[in-house]
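Participant: Quick one, fold the following:
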Amino acid sequence: MRRVSVRDLSAEAIRNSADDDEVLGVTSKGVLVGVLVPLTNEILQRLAAHDLEELVARSAEADLDAGASATNLRDVLHEAPARPPTAPSFDRVGIRELNSGRLEQAATDGRPLVVTSDRVDLAAFIPLVQGWVDRLVEQSVSKFLSGSSPEVRTGALRPGADSTARTELIRGSYARFSSQRAIGIRIVGDARHDRERIVGVITDGLAQLKSEPVMLPLEQLDETYVFDRILSLINTLSSQLDDTHDLIGVGVEIGGHVAQGRVVRSTNIRWNQFPLAEQLSAAVNHIPVVLENDANALAIHERFSQGISAENFAVVLLTHLGVGCGLILDGRLHRGSRGMAAELGHIPSDSPVAPDHRCRCGNARCLEAVATPQAIEVALRAAGFSGQFEDAFDKAQDQSVRDIFARAGGALGEGIATVLNLLNPQAVVLYGPLNLVGPPRQFHIDNFDKIANAQDFQGLGRHYQSSMLSAISSSVFSNAAEECQFIIRVRTDEQGAKAAAACVIHAIRSRAVAASQHGLPNYAEQLQ
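Facilitator: Residues are numbered from 1 along each chain as shown. Below you'll find the predicted structure:
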């Protein structure tokens, strides 16, 4: 089932999909909101004889079973058993009136639409509602629970249960995804004003939040102390689970170089070669633990939990001290040979903020030593201003302050331009602080000034982002910038922890697929 953004829907696109008997997955703001079924004569005849909900379910089930990116609707319909004719109630909407608001309302109401062009019915839009999601994902629960990735340390699914009970639990578990639980933990080691902390959440098997975030402060950052605090947080969250919940694993995200469950190097908390996943799994009764870089975790979350439609996109993460990047290429996270791919914050920059100022890693001219809030603060002090980064926003009319913010934003734009030139992604998702990146929105560079909430975004943050976009436009070859969709998100502790939970879900699912393809033992067999 091919995905298409509502922004790119057209009568021609729908007619092309009808020629191929192809179902379209419709996305809005990167999230799948429904299925568009072209109304060819053959399909209309079949619709008269089949329950529409079952038709869509079968289409998606075939998509899952085949593991393919497209589904031939004619084959799906041919296999469907006959049923008495039904007459589902549709609203009609012209193709020119179709927009994200209209589709989102239909999805909220659970009411299908018929899309028309020149009064001709082109397609049926079937909203994706939770009941159908549950029905579809149930089909792959056993696969979902059948293994773990190289970062996962295999073991128990339920704290306190013995090995035999755990094995039987996994083998016989066909519960809905809504009963599955994952714990996600974000380690914040680069905060301001001694606000280092760890934050945890509980999600279901679709990475949807099932608990309020729990935060524990970190008074120090040495390995033993942080490790003990993580254990305490896991115990606190686990106490919220009951006997109907299956804890499938724990995901942890942290800034720095992460590979095979090990913190290879983190300049945030000064850890080196710490096997966090293995030690943590052993300490929590061998529950599977996945450790991931923070920007990579957000990329996984965007792709596999938030439903972003692009097969090739980059997540850029701007924190107070650093610049991270996660890459999804051909639908998969790109790690590089040793897990250090996309270290955008450490590419060279020609815009030093102050003489002899170096990056936290010790190198000169790193991008994150120019583009981050801390780097801006260093530049302000070098220019004679006192106070913290936040104090600069009271000096928004000072031209020298504006110039410093503009230079920092331009440096980040040059870094993003490098990503566009090297990889030509369909989208760039930028996570950052609200005062620099502005409110959540999505746009193309050529219509940035037409976005309503972008127009309301003023002050030094606007200077930062305008310079960033200008640098992208002036540094990218051909039309790579114009064709790229930019998505702005404000990063929160909750999002980081949810992304960590999404990593453990994705790791187990990926291992399940690999096991089924290569005849490897499933998760239950590995426990025996």
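Participant: if I pick residue 256, what's in contact with it?
Facilitator: Counting by C-beta atoms under 8 Å, 6 or more residues apart in numbering, residue 256 touches 263, 264, 265, 266, 267, 268, 269, 271, 293. For every residue, glycine as well, the C-beta is placed using N, CA and C.
Participant: For residue 508, see how far away it is.
Facilitator: Residue 256 sits 24 Å away from residue 508, going by C-beta to C-beta, to the nearest Å.
Participant: Show the average pLDDT along stretch 340-358.
Facilitator: In this model, stretch 340-358 carries a mean pLDDT of 84.
Participant: do the same with stretch 191-209
Facilitator: 88.
Participant: Alpha carbons of that stretch, as CSV, please.
Facilitator: Extracted in CSV, the C-alpha atoms of stretch 191-209 (Å, rounded to 0.1, in the frame of the first residue of the first chain):
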residue,chain,number,x,y,z
ALA,A,191,20.5,20.2,30.7
ARG,A,192,20.8,23.8,32.0
HIS,A,193,20.9,24.9,35.6
ASP,A,194,21.7,21.5,37.1
ARG,A,195,18.5,19.9,35.7
GLU,A,196,20.1,16.7,34.6
ARG,A,197,17.4,14.0,34.9
ILE,A,198,15.9,10.7,33.7
VAL,A,199,12.3,10.5,32.5
GLY,A,200,10.3,7.4,31.9
VAL,A,201,6.9,6.5,30.4
ILE,A,202,4.8,3.4,29.7
THR,A,203,3.5,2.8,26.2
ASP,A,204,1.4,0.1,24.6
GLY,A,205,2.6,-2.0,21.6
LEU,A,206,1.9,0.9,19.2
ALA,A,207,4.1,3.3,21.3
GLN,A,208,1.0,5.2,22.5
LEU,A,209,1.4,6.7,25.9
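Participant: Give the burial count for the nearest residue to residue 311 once chain neighbours are set aside, as a bare number.
Facilitator: Among residues not flanking residue 311 along the chain, residue 331 sits closest, at 4.8 Å (C-beta to C-beta, 6 or more residues apart in numbering). A count of neighbours around residue 331, defined by other C-beta atoms under 10 Å, yields 12.
Participant: State the helix or strand in which residue 317 lies.
Facilitator: Using DSSP states H and E, residue 317 falls within strand 313-318.
Participant: C-alpha coordinates for that strand, PDB please?
Facilitator: This file holds the C-alpha atoms of strand 313-318, laid out as PDB (Å, rounded to 0.1, in the frame of the first residue of the first chain):
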ATOM      1  CA  PHE A 313      14.200  11.500   5.700                       C
ATOM      2  CA  ALA A 314      16.400  13.000   8.300                       C
ATOM      3  CA  VAL A 315      15.700  13.900  11.900                       C
ATOM      4  CA  VAL A 316      17.800  16.800  13.200                       C
ATOM      5  CA  LEU A 317      17.900  17.300  17.000                       C
ATOM      6  CA  LEU A 318      19.000  20.600  18.400                       C
END
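Participant: Dump the contacts of residue 256 to TSV, plus neighbour count.
Facilitator: TSV is the format used below for these (neighbours: other C-beta atoms under 10 Å):
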residue	neighbour count
263	25
264	17
265	17
266	21
267	20
268	22
269	21
271	22
293	30
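Participant: Pick the one among these closest to residue 495.
Facilitator: Of all the contacts of residue 256, residue 495 sits closest to residue 293, with 15.0 Å by C-beta to C-beta.
Participant: Now the closest one: closest residue in space, sequence neighbours ignored.
Facilitator: That would be residue 258: by C-beta to C-beta, 6+ apart, it lies 4.5 Å from residue 293.
Participant: Just read off the phi/psi values of the one you found.
Facilitator: For residue 258, the backbone dihedrals (degrees, to the nearest 10) come out as phi -120, psi 130.
Participant: cool, and residue 185?
Facilitator: phi -130, psi 130.
Participant: and if you look at residue 350?
Facilitator: phi -100, psi 20.
Participant: isn't it right up against residue 366?
Facilitator: No - if you go by C-beta atoms under 8 Å, residue 350 and residue 366 don't touch, sitting 11.6 Å apart.
Participant: Tell me which of those two has more neighbours.
Facilitator: Neighbour totals were compared for residue 350 and residue 366, and residue 366 leads with 24 against 8 (other C-beta under 10 Å).
Participant: which residues sit against the strand holding residue 317?
Facilitator: 294-295, 298-299, 302-303, 323-328, 342, 344, 371-372, 412, 415-416, 419, 423, 425-433, 436-437, 491.
Participant: Tell me the spacing between residue 356 and residue 348.
Facilitator: Using C-beta to C-beta, residue 356 is found at 16 Å from residue 348.
Participant: Could you check which of these two has the larger neighbour count?
Facilitator: Using other C-beta under 10 Å as the criterion, residue 356 and residue 348 rank with residue 348 on top: 11 against 6.
Participant: quick one: contacts for the more buried one?
Facilitator: For residue 348, counting by C-beta under 8 Å, 6+ apart, the contacting residues are 365, 366, 367.
Participant: Touching, the first one and residue 347? I think so.
Facilitator: Read it as residue 365. No - applying C-beta under 8 Å, one finds residue 365 not in contact with residue 347, separated by 9.1 Å.
Participant: wait, what's in contact with the spatially most central residue of the chain?
Facilitator: With distances taken as C-alpha atoms, centre = their mean, residue 302 lies nearest the centre of the chain, 1.7 Å away. Residues in contact with residue 302 (C-beta under 8 Å, 6+ apart) are 30, 308, 313, 315, 328, 429.
Participant: Lowest-confidence entry in these?
Facilitator: Lowest pLDDT within these is found at residue 30 (65).
Participant: For the closest residue to residue 264 other than its chain neighbours, name its beta-bridge partners.
Facilitator: Counting by C-beta to C-beta, 6+ apart, residue 257 is the residue found nearest to residue 264 once chain neighbours are left out, at 4.2 Å. Under the criterion DSSP bridges, residue 257 forms beta bridges with residue 265.
Participant: Quick one: list the elements packing against the helix or strand where residue 105 lies.
Facilitator: Here residue 105, judged by DSSP H and E, is contained in helix 100-109. Helix 100-109 sits against strand 24-28, strand 31-38, strand 113-117, strand 120-127, with contacts defined as 3 or more C-beta pairs under 8 Å, 6 or more residues apart in numbering; DSSP states H and E.
Participant: ok, and what's touching the third one?
Facilitator: So the one you mean is strand 113-117. For strand 113-117, contacts defined as C-beta under 8 Å, 6+ apart pick out 11, 14, 36, 39, 90-95, 98, 102-103, 106, 121-125.
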